[in-house]
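# Structural data only, the sequence is not supplied:
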Ligand code: PLP
């Protein structure tokens, strides 16, 4: 008899954003004239910049004649993009990496979700709490997380990140084999300092752990002291994989392009005692299960690194960060406690008057027609918090803040 992967049945309820969509759609059905503003899901709103669009057009033209037509691309990605990444994202910050250490992909979601496949099922994962749900759910699908009891998986180490510990996770007392860190953080909008990251690199080196470092929002860091890459920390190449994306950096949420760094120095002992290169395993997995990001899209991503591309990309990021300032300062004027929104496009706020995260969600949706994301959807320690994104249009951002200030009693 056919059997399904029973692990899928253990997954709790709806994926967070599906539940939000259901509630918003219900509200809209009952209130068809309501003008609902969403600062909920972290999707961008500003179009691709001209430099990228021109590169995409020209790449389409390349595909139209035999001389420059491209079929399947190289497994790791095209060298024009990899070289631009090495120079602009890493060498510029003093990090030396080789071209075979970069893997171009169609998204950091897929890569952060898929990477666990190359690890054994008896590893223990550690996640910050609250957390980007993909890390936990993909490990749950693989059967690595135990049972889901009272909002927590029995075989997951949760590292609470709240205002009380300044959103910096404490090193776990148990041994964590696979550690997921995200900085700038989704959802809290906070970042890990060099000192904090060094603690994690040292921990991983001492315990033989691997750090999955999600830097999807690195382009939003404004403070020069905050590391953009975990490889700015000595020894990190031996213990960390890094995930980056063009989704938020350059508006590619619908266009799809990202990359994952797997250093050659990163090795893990097999059961037979052999040192196994994670770069080799990931390369094997990629060449077996993935056929690359299209030439056209990789050309578009490479345009981010031309002089003009850099200028235009910076303008859009500054636009979103001005939205972040408007939200942050507006909510603070109202008397709300906010976090993040300085080196990240997310504002994490403490719900007022002891409200739960979903109570605040329903109140804002029903009373002022503003949608945010309930903190509890990101993990138990997110209860009592709420996330707003800076990715809206300026008009909508200003209007949403005005409505919250007028309609929410604090
Ligand atoms: N990692 C984090 C922390 C994110 O918040 C997101 C998107 O919301 C992603 C990864 C996914 O990025 P991509 O669009 O490249 O799949």
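Yes, it's here. Note that the structure is predicted; figures quoted are calculated from it, not measured.
# Report how many residues lie close to the nearest residue in space to residue 38 that is not next to it in sequence.
Spatially, and ignoring its direct neighbours in sequence, residue 38 is nearest to residue 371 (4.3 Å; C-beta to C-beta, 6 or more residues apart in numbering). For glycine as for every other residue, the C-beta is placed from the backbone atoms N, C-alpha and C. For residue 371, the count of nearby residues is 20 (other C-beta atoms under 10 Å).
# Just list the residues touching residue 371, thanks.
20, 24, 36-40, 361, 364-365 (C-beta atoms under 8 Å, 6 or more residues apart in numbering).
# Let's see which of those residues end up in helices.
Taking DSSP state H as the definition of helices, the contacts of residue 371 contribute 20, 24, 361.
# hey, where'd the helices end up in the stretch 151-300 of the chain?
194-207, 246-250, 278-289, 295-302 (DSSP state H, counting those that start in this stretch).
# could you dump those helices to a markdown table with mean neighbour count?
Output for the helices of the stretch 151-300 of the chain, formatted as a markdown table (neighbours: other C-beta atoms under 10 Å):
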| stretch | mean neighbour count |
| --- | --- |
| helix 194-207 | 17 |
| helix 246-250 | 25 |
| helix 278-289 | 15 |
| helix 295-302 | 24 |
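# wait, which of the ones you listed is closest to the ligand?
helix 246-250 (3.3 Å; C-beta to the nearest ligand atom).
# how close does residue 46 get to the ligand?
15 Å (C-beta to the nearest ligand atom, to the nearest Å).
# residue contacts, the closest residue in space to that residue that isn't next to it in sequence?
In space, and not counting its chain neighbours, residue 46 is closest to residue 316: 5.2 Å by C-beta to C-beta, 6+ apart. Shown in contact with residue 316 (C-beta under 8 Å, 6+ apart): 46, 49, 250-251.
# returning to that earlier point: as JSON lines, the helices of the stretch 151-300 of the chain with distance to residue 122 and mean pLDDT would be great.
Putting these into JSON lines (distance: least, C-beta to C-beta, whole Å; pLDDT from 0 to 100) gives the following:
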{"stretch": "helix 194-207", "distance to residue 122": "15", "mean pLDDT": "97"}
{"stretch": "helix 246-250", "distance to residue 122": "33", "mean pLDDT": "98"}
{"stretch": "helix 278-289", "distance to residue 122": "17", "mean pLDDT": "97"}
{"stretch": "helix 295-302", "distance to residue 122": "37", "mean pLDDT": "98"}
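# Would you reformat the ones you listed as CSV and include distance to residue 148?
What follows is the helices of the stretch 151-300 of the chain, written out as CSV (distance: least, C-beta to C-beta, whole Å):
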stretch, distance to residue 148
helix 194-207, 26
helix 246-250, 29
helix 278-289, 27
helix 295-302, 37
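# could you dump those helices to CSV with distance to the ligand?
Formatted as CSV, these follow (distance: least, C-beta to the nearest ligand atom, whole Å):
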stretch, distance to the ligand
helix 194-207, 16
helix 246-250, 3
helix 278-289, 16
helix 295-302, 11
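# Residue 97 and the ligand, how far apart?
19 Å.
# List phi and psi for that residue.
phi -130, psi 160 (degrees, to the nearest 10).
# one step back: what distance do you get for the residue nearest to residue 46 to residue 385?
27 Å (C-beta to C-beta, to the nearest Å).
# ok so, going back, and the residue nearest to residue 46, what element?
Using DSSP states H and E, residue 316 sits within helix 307-334.
# now the angle from that helix to helix 295-302?
Interaxial angle, helix 307-334 versus helix 295-302 (axes from the mean of the first three to the mean of the last three C-alpha atoms, to 10 degrees): 70 degrees.
# Determine if any part of helix 307-334 is in contact with the ligand.
No - Helix 307-334 lies out of reach of the ligand by C-beta under 6 Å from any ligand atom, never closer than 13.6 Å.
# right, and the helix or strand after that helix?
strand 338-340.
# which residues sit against that next one?
Here strand 338-340 has contacts from 163, 167, 184-185, 188-190, 327-328, 331-332, 346-350, using C-beta under 8 Å, 6+ apart.
# could you flag which of those are buried?
167, 184-185, 188-190, 327-328, 331, 346-350 (16 or more other C-beta atoms under 10 Å).
# now the nearest residue to residue 250 once chain neighbours are set aside: how far from residue 247?
The shortest distance from residue 250 to any non-neighbouring residue, by C-beta to C-beta, 6+ apart, is to residue 304 (4.9 Å). To residue 247, residue 304 is 12 Å away according to C-beta to C-beta.
# just residue 137 next, same as before
For residue 137 relative to residue 247 (C-beta to C-beta), the value is 19 Å.
# Residue 236 now?
23 Å.
# same question, residue 90
19 Å.
# What of residue 271?
Residue 271 is 37 Å from residue 247, by C-beta to C-beta.
# any low-confidence regions in this protein?
14 (pLDDT under 70).
# any idea how it splits into domains?
6-47+308-407, 53-305 (automatic domain parsing).
# still on that earlier bit, quick check, nearest of the ones in helices among the contacts of residue 371 to the ligand?
residue 20 (13.6 Å).
# quick one: contacts for the residue lying closest to the closest one once chain neighbours are set aside?
Using C-beta to C-beta, 6+ apart and skipping residues adjacent in sequence, the residue nearest residue 20 is residue 40, 5.7 Å away. Neighbour list for residue 40: 17, 20, 24, 371-373, 387, 389 [criterion: C-beta under 8 Å, 6+ apart].
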